[in-house]
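Visitor: let's see this in three dimensions:
(one chain, ligands or ions: 1)
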Amino acid sequence: MARKNIVVFTGAGVSADSGIATFRDADGLWANYKIEEVCTPEALKNNRAKVIEFYNMRRRESLSKQPNEGHIAIAKMEEWAEVIVITQNVDNLHERAGSKNVLHLHGELMKLRSERDSNLIYDIEDGWEQSLDARAEDGALLRPHIVFFGESVPMFDPACRIVQDADVLIVVGTSLAVYPAAMLVRYAKSGVPIYVVDPGNPDTSIIRNNPLTHIKARAAEGMPELVERLKAEMK
Ligand code: OAD
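Guide: Modelled structure (predicted):
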């Protein structure tokens with residue numbers, strides 16, 4: 001039988017079991033920081049030090065954490081299916097768990113880019129700290145390679161095309177509260193099964209033309225179970 005296309009759309013919840021706080025849960029990041037002070041183009045312009053410091057802390061934290069059973073189960077599906085991960089997360093735990101095809105919708109912590117030319121993107125090779133005055137080769141200051149609120153999401157269109165080709169869509173650990181990202185679930189062909197793995201209550205009301213199964217479990221628990229189930233069905 002031909003290998004199926006499985007698309008996995010993840011949010012902060014998939015990294016929660018690795019010890020990284022989500023955004024909108026009770027102890028989430030947005031309970032402790034104001035979005036407009038750390039995650040907007042205006043914040044970068046008016047309060048650069050605070051924004052850089054915020055992402056330095058996120059980078060330092062993510063480097064100290066390890067992929068969990070959820071990330072690992074997702075990566076292991078590549079043994080028997082074509083798997084593409086579309087993540088809203090800026091950490092690299094999917095890659096470190098072994099996933100080969102990962103599209104980051106909201107940018108990547110381990111990259112910086114020129115404030116002037118968004119095509120000048122650099123990997124951070126060493127450590128976690130972006131110094132305030134680091135510059136790109138075009139002379140402009142560097143900024144975190146993160147999609148701030150109010151900025152466009154350049155990877156959204158490629159992500160839509162990937163979801164359109166899915167035979168199965170798995171949605172893990174996202175509140176489906178942030179747009180356009182949440183809209184991705186609407187691009188699944190009608191009838192394609194959608195599995196949501198999340199211990200909370202993400203806004204699944206936008207899923208209308210697809211059979212929906214909500215597995216109310218943590219990623220580290222629910223993902224390995226779901227993967228076994230799909231493997232048995234598809235092999
Ligand atoms: P949210 O914090 O909005 O949602 C986290 C989701 O994870 C919720 O539905 C929780 O129920 C669920 N969750 C909590 N613990 C979990 C666990 N152990 N296993 C599985 N799920 C769990 O995070 P996102 O939906 O990712 O954007 O947020 C979307 C975007 O908003 C982020 O990419 C970020 C943020 O502001 C930017 O910074 C641009």
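Visitor: up against the ligand, what does this protein have?
Guide: Within the chain, the positions lying close to the ligand (CB under 6 Å from any ligand atom) are 11-13, 16-17, 22-25, 28, 39, 88, 106, 147, 173-175, 177-178, 198-200, 202, 218-219. In this view, the C-beta of every residue, glycine as well, is placed from N, C-alpha and C.
Visitor: quick one: the top strand by length along the chain to chain centroid distance?
Guide: Criterion DSSP state E: the longest strand present in the chain is strand 107-114. Centroid separation for strand 107-114 versus its chain: 14 Å, with CA atoms, centre = their mean, to the nearest Å.
Visitor: just stretch 209-225 next, same as before
Guide: 17 Å.
Visitor: is E233 in a helix, a strand, or coil?
Guide: helix (DSSP: H, G, I helix; E, B strand; the rest coil).
Visitor: can you name the next helix or strand after the worst-scoring helix or strand of the chain on mean pLDDT?
Guide: None of the helices or strands of the chain scores lower by mean pLDDT, DSSP states H and E than helix 29-32, at a mean of 93. For helix 29-32, the following helix or strand on the C-terminal side (DSSP states H and E) is helix 35-38.
Visitor: average pLDDT across the very next helix or strand once past that following helix?
Guide: Using DSSP H and E, the next helix or strand after helix 35-38 towards the C-terminus is helix 41-46. Throughout helix 41-46, pLDDT has a mean value of 96.
Visitor: buried residues, helix 41-46. List them.
Guide: Within helix 41-46, the residues that qualify as buried are 43-44, counting by 16 or more other CB atoms under 10 Å.
Visitor: OK, contacts around V38?
Guide: Contact analysis of V38 by CB atoms under 8 Å, 6 or more residues apart in numbering lists 50-51, 54.
Visitor: which of the residues you listed count as buried?
Guide: Counted by 16+ other CB under 10 Å, the contacts of V38 give 51, 54 as buried.
Visitor: in helices, which of the contacts of V38 fall?
Guide: Within those, residues falling in helices by DSSP state H are 50-51, 54.
Visitor: can you lay out the residues you listed as TSV showing pLDDT and distance to R161?
Guide: Listed next are the ones in helices among the contacts of V38 as TSV, based on pLDDT from 0 to 100; distance: CB to CB, whole Å:
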residue	pLDDT	distance to R161
K50	97	36
V51	97	32
F54	97	32
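Visitor: what's the closest of these to the ligand?
Guide: F54 (10.4 Å; CB to the nearest ligand atom).
Visitor: how close does that closest one get to I84?
Guide: 29 Å (CB to CB, to the nearest Å).
Visitor: what does R60 give?
Guide: 29 Å.
Visitor: of the two, who's got more company?
Guide: I84 (20 against 13; other CB atoms under 10 Å).
Visitor: hey, what's the more buried one bridged with?
Guide: In this entry, I84 is beta-bridged to V7, by DSSP bridges.
Visitor: my guess is it contacts F9, does it?
Guide: No. Counting by CB atoms under 8 Å, I84 does not reach F9; the two are 9.5 Å apart.
Visitor: I'd guessed F9 sits against L176; true?
Guide: No. Contact criterion CB under 8 Å: F9 and L176 do not qualify, at 9.3 Å.
Visitor: hey, where'd the helices end up in the protein?
Guide: 13-16, 29-32, 35-38, 41-46, 48-63, 69-76, 93-97, 156-164, 219-234.
Visitor: pull the CA atoms of the fourth one into PDB?
Guide: Once side chains and other backbone atoms are set aside, the C-alpha atoms of helix 41-46 remain, and they are given as PDB (Å, rounded to 0.1, in the frame of the first residue of the first chain):
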ATOM      1  CA  PRO A  41       7.500  45.300  15.800                       C
ATOM      2  CA  GLU A  42       6.700  48.400  17.900                       C
ATOM      3  CA  ALA A  43       8.300  46.700  20.900                       C
ATOM      4  CA  LEU A  44      11.400  45.900  19.000                       C
ATOM      5  CA  LYS A  45      11.700  49.600  17.900                       C
ATOM      6  CA  ASN A  46      10.900  51.200  21.200                       C
END
